[in-house]
Structure formats: C-alpha cells, structure tokens
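In: Just the structure for this:
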Amino acid sequence: MQGVEAPGLLTREGSRARLRLEELLLHRHVQMEDIETDAHGRIVAQVWADGENINETMAKLIQSLTLPRPAPPPQERKVDVPVDSVFRPAGPKRETESVPES
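Out: Take a look at the predicted model:
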C-alpha cells in the first residue's frame, strides 16, 4: 500500500498488522487506485474499502504498533530503618541552664 511501511510478517507487529488488514478488507467492496509495481514486484496502490482509506488506517495502526514502549517504572527500594532513629517522641522541652554574666 502506498505510504505504508509495514513491519515484517514474521514479527509480532507484522502478524498483528496482517490480521487487522484482513479484518478491514473481508466482506467489503475494495477499490485500488494509482496501481504501480515496486522494484521487488509487489503491487503498490491506494486502497479503499467501502469508502474508507485503508492506507491511512493501516499507517496509523502500524505506527501505534511500532512506537517505542515506555520504560517500566523504577522499582521501589525498601530499606529497614529503626523507627526510633528517625522519629523521636515529642516530650517536654528541657530548659537549658543560663550562665550568669560576670
């Protein structure tokens, strides 16, 4: 299809794209325009199914399949810290001795 850079069929993304394309075309009236043959002998065309531009639909799908996946969130590190070393109970304030001035 014109304007669609499809992933290889043996990849997970390629398999998903092929299944979606079959769903989009099955039992629909399909038209092809601007039909050409590429250097590898493959037919390249603008494809429509019941008025829907299949090239655009597939280009969006393939882009979503091949976008980099976000990195997983960092794992929390848990550290055991004795409670009394961090939290000291609040108690009455101690008064400090005042030193008389000489």
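In: In a strand, Val47, correct?
Out: Yes. Applying DSSP: H, G, I helix; E, B strand; the rest coil, one finds Val47 inside a strand.
In: Now for it: which residues touch it?
Out: 1, 25, 30-32, 53-55 (Cβ atoms under 8 Å, 6 or more residues apart in numbering). In this view, the C-beta of every residue, glycine as well, is placed from N, C-alpha and C.
In: Not counting sequence-adjacent ones, nearest residue to it?
Out: On the basis of Cβ to Cβ, 6 or more residues apart in numbering, the spatially nearest residue to Val47 that is not a chain neighbour turns out to be Ile54, at 4.2 Å.
In: The chain: strands as residue ranges?
Out: Using DSSP state E, the strands assigned to the chain run over residues 30-37, 43-49, 52-53.
In: Redo these as JSON lines? Include mean pLDDT and distance to Leu61.
Out: Formatted as JSON lines, the strands of the chain follow (pLDDT from 0 to 100; distance: least, Cβ to Cβ, whole Å):
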{"stretch": "strand 30-37", "mean pLDDT": "91", "distance to Leu61": "17"}
{"stretch": "strand 43-49", "mean pLDDT": "92", "distance to Leu61": "13"}
{"stretch": "strand 52-53", "mean pLDDT": "94", "distance to Leu61": "13"}
